[in-house]
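[1] sequence first, predicted model second:
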Amino acid sequence: MKLFEFFIGFRYLKSKKSQRFISFNTFLSVLIVFLGVFILILVISVMNGFQGQIKDKILDVDSHIVVSNLASEIDGVAIQDYRELAEKIRGTEHVVSASPYLQGQGLFRFKRNVGPVMIRGIGTKDYIPSDIKKFITLNRHDYCQKKGIYIGEEMAFNYGVKVGNTMEIIVPQGRLTAVEGVSPGIRKYKVLGFFKTGYYDFDTKLIMMSLTDGQDLFSVGDVAYAVGVKIDDIYKMNRMASVLQSVIGFEYVTMTAEQRNHNLFYALRLEKLIMTIILFLVIISAGFTIMGTIVMVVMEKRKAIGVLKSMGAKPRSIMVIFVLEGFLIGVTGSILGVIFGLAASLNLESIILWVEDSINGLMIWIYQVFNLGDFYRITLKPSSVYYIDTIPTEIVPEFVVFIAAAAIFLATIASIFPSWQASRQKPVETIRYE
């Protein structure tokens, strides 16, 4: 590309005083590209942050890989030799922990409150998983040492449960029979302490106890339903599942967290994909605006094009000049979008707090002026849904580069057709009546 082509293309971003509308269209094109890149970076960063935090909370509490029995004489799923199996798994490279556990559904009753819960019996006096103990916020040292249960802080708050209170747990107990079905088992347990995982469903519906207490509650004997495995790299779950399968044999089956939570993880990926496509349409719409802008610039510069051609400029040079204009619009909008998008993503928490304070300040003033009664503060952070303290963001540099490059590419492509039309103009016809 010659220097004069770049100089003229940059100069054509402006227009004559009599054609300010074209300058406005140029500004509008840059603005739409900027908004598309800015919103796309900000929204995808927030979605990555939310998805990452949700995955981390689920995988932090739940097992990365679960090893269960294909068949057994006891309830069809229980593992009798769970101690030997757990030891074999712990000896595998990249395995951090392997914890046999029991898990089932049941009901709790506390005073007049009754509700569904998930009961998990995990850990023994000799082996308490470190990833379980770290969530316990009160009386950590009593876990698996005394008979009792641990409940989530959120559940304790909702029902007014305090340490030392007694709760009744009701579960299906014993073996399934054709005549009587499964008899209910009822046990009373002392609340020994609380835990907080940061995942709302677990903190409101999960009850933890030792494996021995779980075996007694469900009346299944000295067995475990599965062995929960934690590995050192969650991005290698599928590969490690295959490795463990070969180590323990095909008597058992391995299942990753993504397979067990398939619907959730699929919904998160689908939501991100759809949002990305929708926001990319904003950038595509900028392409049509750029195309219209360059068409009008070509119409305005007909005389200049004729002069350039009469001075020896080739059609290729004319085309490059106007393609360069679309390219410069894309570059300008993309650079501004990346800068402001990254700045907003990195400071989103402060921006959200400022917006909250502004909205609440305005609403308080309105309530006071019109005497509307008490005003309850509005919060933009859905803690009741996601159970988060901050708005999480995660910037993926590769995706930011891809967004900027795609915006520049689309802006450049949009300018090709009007640039080609400009290059076909004949110099005699363009300056005949000028």
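    Good, I have the coordinates. Numbering: from 1, shown residues only.

[2] quickly list the domain ranges of the chain.
    Recorded structural domains for the chain (assignment: automatic domain parsing) are 3-54+265-431, 63-260.

[3] least confident of those domains, on average?
    The stretch with the lowest average pLDDT out of the domains of the chain is domain 3-54+265-431, scoring a mean of 77.

[4] just the strands in the chain please.
    65-69, 95-110, 113-122, 149-152, 166-177, 181-195, 206-209, 226-231, 252-256 (DSSP state E).

[5] wait, isn't Gln53 in contact with Pro392?
    Yes. Taking Cβ atoms under 8 Å as the definition, Gln53 is a contact partner of Pro392 at 4.7 Å. Using the backbone N, CA and C atoms, a C-beta is placed for each residue, glycine as well.

[6] shared neighbours, the two?
    Here Gln53 and Pro392 have no joint contacts, going by Cβ atoms under 8 Å, 6 or more residues apart in numbering.

[7] related to what we said a few turns ago, okay if I get the strands of the chain as TSV plus mean neighbour count and distance to Phe375?
    Formatted as TSV, the strands of the chain follow (neighbours: other Cβ atoms under 10 Å; distance: least, Cβ to Cβ, whole Å):
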stretch	mean neighbour count	distance to Phe375
strand 65-69	23	48
strand 95-110	19	34
strand 113-122	18	31
strand 149-152	26	31
strand 166-177	15	38
strand 181-195	17	33
strand 206-209	24	36
strand 226-231	24	47
strand 252-256	18	48
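
[8] residue contacts, Asp203?
    152-155, 195-197, 387.

[9] against Phe399, how distant is Leu336?
    As judged by Cβ to Cβ, to the nearest Å, Leu336 and Phe399 stand 18 Å apart.

[10] scratch that, Val161
    With distances taken as Cβ to Cβ, Val161 is found 44 Å from Phe399.

[11] between these two, who's got more neighbours?
    Val161 (21 against 15; other Cβ atoms under 10 Å).

[12] what distance do you get for the more buried one to Val331?
    60 Å.

[13] and if you look at Asn238?
    40 Å.

[14] of the two, who's got more company?
    Ranked by neighbour count (other Cβ under 10 Å), Asn238 and Val331 place Val331 first, with 18 against 13.

[15] do you know how far that one is from Ala286?
    Summarising the geometry, the distance separating Val331 from Ala286, computed by Cβ to Cβ, is 13 Å.

[16] likewise for Phe375?
    Remark: distance between Phe375 and Ala286 (Cβ to Cβ) = 41 Å.

[17] who's in contact with Leu346?
    For Leu346, the set of contacting residues under the criterion of Cβ under 8 Å, 6+ apart consists of 393, 395.

[18] if we go to 10 Å?
    By Cβ atoms under 10 Å, 6 or more residues apart in numbering, the contact set of Leu346 is 45, 393, 395.

[19] same thing with Val338?
    Shown in contact with Val338 (Cβ under 10 Å, 6+ apart): 34, 37-38, 41, 400-401, 403-404, 407.

[20] which of those residues fall in helices?
    When the contacts of Val338 are checked against helices (DSSP state H), the matches are 34, 37-38, 41, 400-401, 403-404, 407.

[21] using CSV, lay out those together with neighbour count and distance to His141.
    Output for the ones in helices among the contacts of Val338, formatted as CSV (neighbours: other Cβ atoms under 10 Å; distance: Cβ to Cβ, whole Å):
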residue, neighbour count, distance to His141
Phe34, 22, 57
Val37, 30, 53
Phe38, 24, 51
Ile41, 26, 47
Val400, 20, 47
Val401, 11, 50
Ile403, 25, 50
Ala404, 22, 53
Ala407, 30, 57
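
[22] Ser99: which of those residues is nearest?
    Here the nearest of the ones in helices among the contacts of Val338 to Ser99, counting by Cβ to Cβ, is Val400; it sits at 39.4 Å.

[23] I'd say that closest one and Phe38 touch.
    No. Look at Val400 against Phe38 with Cβ atoms under 10 Å: they stay out of range, at 11.2 Å.

[24] just to revisit the earlier point, looking at Phe375 and Ala286, which one has more neighbours?
    Neighbours around Phe375 and Ala286, counted as other Cβ under 10 Å, are more numerous at Ala286. The numbers are 27 against 13.

[25] neighbours around the nearest residue to the more buried one once chain neighbours are set aside, how many?
    Distance criterion Cβ to Cβ, 6 or more residues apart in numbering; nearest residue to Ala286, sequence neighbours excluded, is Ile32 at 3.7 Å. Counted with other Cβ under 10 Å, the burial measure for Ile32 works out to 23 neighbours.

[26] check contacts around Ile32.
    The neighbours of Ile32, taking Cβ under 10 Å, 6+ apart as the test, are 282-290, 329, 333, 407, 411.

[27] any of those residues buried? List them.
    Neighbour counting over the contacts of Ile32 (16 or more other Cβ atoms under 10 Å) leaves 282-283, 286-287, 289-290, 329, 333, 407, 411 as the buried ones.

[28] what sits closest to Ala241 if chain neighbours are left out?
    Closest residue to Ala241 in three dimensions, ignoring its sequence neighbours and counting by Cβ to Cβ, 6+ apart: Thr254, at 4.4 Å.

[29] residue contacts, the one you found?
    Thr254 is in contact with 65-68, 89, 227, 229, 237-238, 240-248, counting by Cβ under 10 Å, 6+ apart.
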